[in-house]
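Undergrad: Next come a sequence and a model predicted from it.
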Amino acid sequence: MKAVRVHEPGGPEAMRYEDIPVPEPGPGEARVRLEAAGVNFIDVYQRTGQYPVELPHTLGLEGAGVVEAVGEGVEEVGEGERVAWAMSPGAYAERAVVPAWRLVPVPDGVDLKVAAAVMLQGMTAHYLTHSTFPVESGQSVLVHAAAGGVGLLLVQLAKKRGAYVIGTVSTEAKARLAKEAGADEIIRYTEQDFVAATKRLTGGEGVHAVYDSVGRSTFGGGLDVLRPRGYMVLFGQSSGPVPPLDPQVLNGKGSLFLTRPSLAHYTLDRDELLWRAGDLFRWIEAGELEVRVDRTVPLAEAADAHRALEGRETSGKVVLVP
């Protein structure tokens, strides 16, 4: 079968489209014939070596398809079922072996490309708004990269919980997308100082939480726009890692909270996984959550998908199709 693997860290050119043996599921595992794989920034971090992985490594932590075979003791899924998953490697391939407990049934009313597009980023938006900082009606939040894959979902879910949402974007086209997703106010950070703009929009009070996937270039300013006892939720680093921080800074800026969450720790068991994914699929079927697929790219051209993502050319999700 074909797969996209990295043999040594590097740029998009380090990704090889090559033949590898079809994997066999072991006990507790299932083999999925993929129809789509989601592209995420964590794939870039693994490709470049920022997040070390054992090499050679088949990229891709999110996919959807049909169960083709199951290993010994598997009860969660059966052959022929439509499923999706996140946080298990090997999705940049025609087939992948996945721990069965991580496979979520996909309702007939949800397209498998949409399922692949929403698992990692959608469950991220879910845990951020429902668990890390559980948004309550009337609270204000700042969402960086509000027109990105997570950003558009995060805006929708924060609004669903009754928040006043301020989003930051780089272009007018992205501003329109974030507004369509429900953002109350948009800050063009390429033209405005987002710190001053956020303080103005909140009457000087600041926001209850900042959801920051950007990292180095936004983190310091994000601390400055939080009200006392506000939450800095740092869940990514697309502009680079944040420098070390003296915890006393959090005290001086208002007894702030700082957390660096990841999806793996918010899907620790199958019940939590089914809760988050189940909510997403139900909202998609009901027309209450829009998943924007920016583009679909052939698996063989995965390097181009990474270039588009790193070049900030995308608004919404990039999906690879075998």
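TA: Looks like it came in fine. Numbers count the residues shown, from 1 in each chain.
Undergrad: Next, the buried residues of the helix or strand that Ala84 is a member of.
TA: Using DSSP states H and E, Ala84 maps to strand 82-86. With burial defined by 16 or more other C-beta atoms under 10 Å, the residues of strand 82-86 counted as buried are Arg82, Val83, Ala84, Trp85, Ala86. All C-beta atoms are positioned from the backbone trio N, CA, C, and that covers glycine.
Undergrad: The first helix or strand past that strand going along the chain: partners in the sheet, and parallel or antiparallel?
TA: The helix or strand immediately downstream of strand 82-86 is strand 95-99, counting by DSSP H and E. According to DSSP bridges, strand 95-99 has the following sheet partners: strand 29-39 (antiparallel).
Undergrad: and the strand it pairs with, how far from the chain's centre?
TA: The chain centroid and the centroid of strand 29-39 are separated by 17 Å, computed with C-alpha atoms, centre = their mean, to the nearest Å.
Undergrad: what angle do that strand and strand 82-86 make?
TA: Relative orientation of strand 29-39 and strand 82-86, computed by axes from the mean of the first three to the mean of the last three C-alpha atoms, to 10 degrees: 70 degrees.
Undergrad: Now do the buried residues in strand 29-39.
TA: Under 16+ other C-beta under 10 Å, the buried positions of strand 29-39 are Glu29, Ala30, Arg31, Val32, Leu34, Glu35, Ala36, Ala37, Gly38, Val39.
Undergrad: any idea of the mean pLDDT in it?
TA: Strand 29-39 shows a mean pLDDT of 98.
Undergrad: And Gly312, its phi and psi?
TA: For residue 312 the amino acid is Arg, not Gly. Arg312 has phi and psi values of phi 60, psi 40 when expressed as degrees, to the nearest 10.
Undergrad: Just the element for the one residue sitting closest to the centre of the chain, please.
TA: In the chain, the C-alpha nearest the mean C-alpha coordinate belongs to Gln121, at 2.7 Å (C-alpha atoms, centre = their mean). Element membership of Gln121, judged by DSSP H and E, is helix 112-127.
Undergrad: Specify the angle between that helix and strand 82-86 in degrees.
TA: With the same axes, to 10 degrees as the basis, helix 112-127 and strand 82-86 are set at 40 degrees to each other.
Undergrad: what's helix 112-127 packed up against?
TA: strand 29-39, strand 62-70, strand 82-86, helix 149-160, helix 270-285, strand 293-298, strand 317-321 (3 or more C-beta pairs under 8 Å, 6 or more residues apart in numbering; DSSP states H and E).
Undergrad: What angle do strand 293-298 and that helix make with each other?
TA: 130 degrees.
Undergrad: In this structure Ala158 contacts Ala146, no?
TA: No: Ala158 lies out of contact with Ala146 (C-beta atoms under 8 Å); the separation is 10.0 Å.
Undergrad: Now the common contact residues for the two.
TA: Applying C-beta atoms under 8 Å, 6 or more residues apart in numbering, one finds that Ala158 and Ala146 are jointly contacted by Val165.
Undergrad: got a list of what Gln156 touches?
TA: Ala125, Ala181, Gly182, Leu289, Glu290.
Undergrad: For it, give its distance to Pro261.
TA: To Pro261, Gln156 is 19 Å away according to C-beta to C-beta, to the nearest Å.
Undergrad: Repeat that for Gly60.
TA: Gly60 is 21 Å from Pro261, by C-beta to C-beta.
Undergrad: more neighbours, these two?
TA: Between Gly60 and Pro261, counted using other C-beta atoms under 10 Å, Gly60 has the larger neighbour count: 27 against 16.
Undergrad: Contact partners for the more buried one?
TA: Val4, Ala37, Gly38, Val39, Asp43, Pro89, Gly90, Ala91, Tyr92, Ala93, Ala96, Leu320 are the contacts of Gly60 under C-beta under 8 Å, 6+ apart.
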